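In: What follows is a predicted protein model with its sequence.
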Amino acid sequence: MRIGLAGAGRIGAFHAATLAGLDDVEQLVVTDAVPEAATRLADQGGHEVAADLEELLTRVDGLVITSSTLSHSELLRQAVAARVPTFCEKPVAMTLEETHQVNDLVEASQVPVQVGFQRRFDQGYRQAQAAVRSGELGFVHTVRANTHDQSPPPAAYIPTSGGLYRDCGVHDFDIIRFVTGREVVSVFATGANKGDAYFAEGGDVDTAAAVLTLDDDTLAVVTATRYNGAGHDVRLEVMGSGGTVGVGYDDSLAVRSVEPDVDFPRGPQKWSFMERFLPAYRRELGVFTDVVAGRAGTPCTVRDAYQAFRVAEACEVSRATGQPVQVSEIGGAR
């Protein structure tokens, strides 16, 4: 099959290398708002170039959107209109209302659209989901999740990031839904700034925490930070009456034990989300080729993205007001 790639930046180049290595992908066709970037990436990998998305959509069987966040919604609309199965990195759109509109468009069209929440394809998270579903943990009462970046992004990224809850926390909100099979009904969130001034200047925080209540009264604690000098640290713990499982507890764990005679973890640490989730990204795009070929249904829908976005929005409201927020007050169930 022929796959189009809209966006030749860092994540676009990362996905291009993965797509080029998949058995089902015969050719990659690249476009970018900056033509030179598309040409450069194409030359590096032996790919084809399209002048724009309109031309690209006439030449491919599926589309992968890795362009700037601001462009996702419009590119996705064009792909749906052309009836081309599409993979779109999160977020689908910059606002909750626009995400809802895109969801309605996609569902009405029945064009397959897969949203990029790669943790759903990580073996650890999938094993945690299986442990919950099998009942081996008994009743689940507490979940702990964290996304701790080793170092902050550049200042220019913050105005378009959507903020820490929408940019980082949204992955935890989605994976909590995925692993537990439950919905978040209320949140209480807070945040702080101890790092670079550009976070506060942009109305964002560099460290955040939230307590979520799920629809079966499970409690989830989510933390995020841009400053975790020990390494990139993404984990999940699921605690139940019959046992506890953890994701992310291997020798790369970015925590140093100060217990005597303990040498775990041995390292080396991981330093970025691309390093941490490389196998998951490969599985994710492999599944997308199955979606394009009609061998599989969409494993992460726009509606899934909308639900996680609602939780992130609720956290922002809670942080701003200092009060608990019911998710039902944010955008509606739809």
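Out: Sure, I can see it.
In: next SSE after the helix or strand harbouring Pro279?
Out: According to DSSP states H and E, Pro279 maps onto helix 278-293. Using DSSP H and E, the helix or strand that follows helix 278-293 in sequence is helix 302-321.
In: got the residue ranges for the helices in the stretch 151-300 of the chain?
Out: All helices of the stretch 151-300 of the chain, identified by DSSP state H, counting those that start in this stretch, fall at 158-161, 164, 170-180, 197-201, 273-276, 278-293.
In: wait, which of these is closest to Val80?
Out: helix 278-293 (14.1 Å; CB to CB). All C-beta spots, glycine's among them, are computed from the backbone N, C-alpha and C.
In: Switch the helices of the stretch 151-300 of the chain over to CSV; also include mean neighbour count, distance to Ser73 and mean pLDDT.
Out: Shown next, in CSV, are the helices of the stretch 151-300 of the chain (neighbours: other CB atoms under 10 Å; distance: least, CB to CB, whole Å; pLDDT from 0 to 100):
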stretch, mean neighbour count, distance to Ser73, mean pLDDT
helix 158-161, 16, 13, 89
helix 164, 26, 22, 97
helix 170-180, 24, 16, 98
helix 197-201, 15, 25, 96
helix 273-276, 17, 23, 92
helix 278-293, 19, 19, 97
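In: Can you say which of those helices is nearest to Ala189?
Out: Set against Ala189 and scored by CB to CB, the helices of the stretch 151-300 of the chain come closest in helix 164, at 10.0 Å.
In: Run through who's touching that closest one.
Out: Applying CB atoms under 8 Å, 6 or more residues apart in numbering, the external contacts of helix 164 come out as Gly191, Asp204, Val205, Asp206, Thr207, Ala208, Ala224, Arg226.
In: That one: how far from the chain's middle?
Out: From the chain centre to the centre of helix 164 is a distance of 13 Å (CA atoms, centre = their mean, to the nearest Å).
In: again with stretch 309-328
Out: Distance, centroid of stretch 309-328 to centroid of chain: 19 Å (CA atoms, centre = their mean).
In: in that stretch, what's buried?
Out: Of the residues in stretch 309-328, 309-319, 325, 327 count as buried by neighbour count, 16 or more other CB atoms under 10 Å.
In: Check stretch 200-214 too.
Out: By neighbour count on 16+ other CB under 10 Å, the buried set for stretch 200-214 is Asp204, Val205, Asp206, Thr207, Ala208, Ala209, Ala210, Val211, Leu212, Thr213, Leu214.
In: Just give me the neighbour total for the closest residue to Ala82 other than its chain neighbours.
Out: Nearest non-adjacent residue to Ala82, counting by CB to CB, 6 or more residues apart in numbering: Leu57, 4.3 Å away. Applying other CB atoms under 10 Å, we find 22 residues neighbouring Leu57.
In: Could you confirm Arg120 falls within a helix?
Out: Yes: assessed by DSSP: H, G, I helix; E, B strand; the rest coil, Arg120 belongs to a helix.
In: can you tell me which residues contact Asp32?
Out: Neighbouring residues of Asp32 by CB under 8 Å, 6+ apart: Ala6, Gly7, Ala8, Gly9, Gly12, Ala38, Leu41, Ser67.
In: buried ones in whatever helix or strand Ala145 lives in?
Out: Using DSSP H and E, Ala145 sits within strand 140-148. For strand 140-148, the neighbour count (16+ other CB under 10 Å) marks Val140, Val143, Arg144, Ala145, Asn146, Thr147, His148 as buried.
In: for those residues, which one is nearest Val234?
Out: Nearest to Val234, judged by CB to CB, of the buried residues of strand 140-148 is Thr147 at 5.4 Å.
In: Quick check: the closest one vs Lys194, distance?
Out: According to CB to CB, to the nearest Å, Thr147 and Lys194 sit 17 Å apart.
In: Which residues are in contact with the most centrally placed residue in the chain?
Out: Most central in the chain under CA atoms, centre = their mean is Phe117, positioned 3.6 Å from the mean C-alpha point. Going by CB under 8 Å, 6+ apart, Phe117 touches Lys90, His171, Asp174, Ile175, Phe178, Cys300, Asp304, Ala305, Ala308.
In: try it again with 10 Å
Out: Contacts for Phe117 were tallied using CB atoms under 10 Å, 6 or more residues apart in numbering; they are 89-90, 170-171, 173-175, 177-178, 280, 284, 299-300, 304-305, 308.
In: any low-confidence regions in this protein?
Out: Residue ranges of the chain with pLDDT under 70: 332-334.
In: how about a cut-off of 90?
Out: For the chain, the stretches with pLDDT under 90 are 69, 159-161, 331-334.
In: my read: Thr160 touches Leu70, true?
Out: Yes: Thr160 lies in contact with Leu70 (CB atoms under 10 Å); the separation is 6.4 Å.
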